[in-house]
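K.L.:
Can you look at this prediction? I've put the sequence above it.
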Amino acid sequence: MASPFNEQQQARFDAELPKILQRFPEGHKSAAMLPALWLVQEILGWIPEPAMELVAGCLGVPPVRAREVATFYVMFHTEPKGRHVLDVCTSISCSLCGAESALVYLEKQLGIKAGQTTQDKKVHLREAECLASCGTGPMLQVDGGEYVENLTPKKIDERLARLRRD
C-alpha cells in the first residue's frame, strides 16, 4: 500500500500517532479511531482511502472499519474540500426560520451547490443536520467553530467578504 503522505507528513503522522495511542488502554488501539482519523485530516486536509487503510492497519482493524467511521461523521472529509467549510443547518428549527432560503442565497453568492467547492478552492458548502443553535436559527457554521446565528443575506455577505480576503 502506498503512503498517502509525503515524507514530511509521514514523519508528523509517525510522531503524533503514538502520543494518541498512549491515551487508550493496552489492547484497545481501535478506540483511537476518531483521533487517528482527525490527525490524518489535520495533515492532509481530508481523508483519502489510502489514509483510511493506513489508520486501520495501525489500529489493527479492517480497512472497512476506518471507512465506516470516516464516512459516518460530518466532521470528516473524504474528498478534497475548500480552504473554508461552510455548514448551513437545515434541521427543522432552522428550516422554520428560513434555512433553505439562506442556503439558496449562499449557493447563488458562491456559484456552487451544497456539497461542492468553489473553483478557487476557497469555500466548500455543505448542508448540515442540527448544529445545536435551534433558538437562533437559521445558522451558519464556519470552519467547524464559528457560528453565524440569525442568518440574513447581509450577515452572509459580510462573512463571505471576510472569507474572500483570507
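P.N.:
Good, I have the coordinates.
K.L.:
Do I have it right that Cys94 meets Gln141?
P.N.:
No: applying CB atoms under 8 Å as the test, Cys94 and Gln141 come out as separate, 11.1 Å apart. Quick note: C-beta positions are derived from backbone N, CA and C, even for glycine.
K.L.:
Checking His124 next. Helix, strand or coil?
P.N.:
Here His124 is strand, with the state taken from DSSP: H, G, I helix; E, B strand; the rest coil.
K.L.:
Quick check: it vs Val104, distance?
P.N.:
According to CB to CB, to the nearest Å, His124 stands 17 Å off from Val104.
K.L.:
on that earlier part again, kindly point out which residues are neighbours of both of Cys94 and Gln141.
P.N.:
Counting by CB atoms under 8 Å, 6 or more residues apart in numbering, the residues touching both Cys94 and Gln141 are Leu131.
K.L.:
Please say which of the two ends up with more neighbours.
P.N.:
Using other CB atoms under 10 Å as the criterion, Cys94 and Gln141 rank with Cys94 on top: 27 against 20.
K.L.:
quick check, distance from whatever helix or strand that one lives in to the centre of its chain.
P.N.:
Using DSSP states H and E, Cys94 sits in helix 92-96. In terms of CA atoms, centre = their mean, to the nearest Å, the centre of helix 92-96 is found 22 Å from the chain centre.
K.L.:
Geometrically speaking, which residue is the centre of the chain?
P.N.:
Met75 (3.7 Å; CA atoms, centre = their mean).
K.L.:
so who does the closest residue to it other than its chain neighbours touch?
P.N.:
Nearest residue to Met75, sequence neighbours excluded (CB to CB, 6 or more residues apart in numbering): Gly144, at 6.7 Å. Contact analysis of Gly144 by CB under 8 Å, 6+ apart lists 75, 85, 87.
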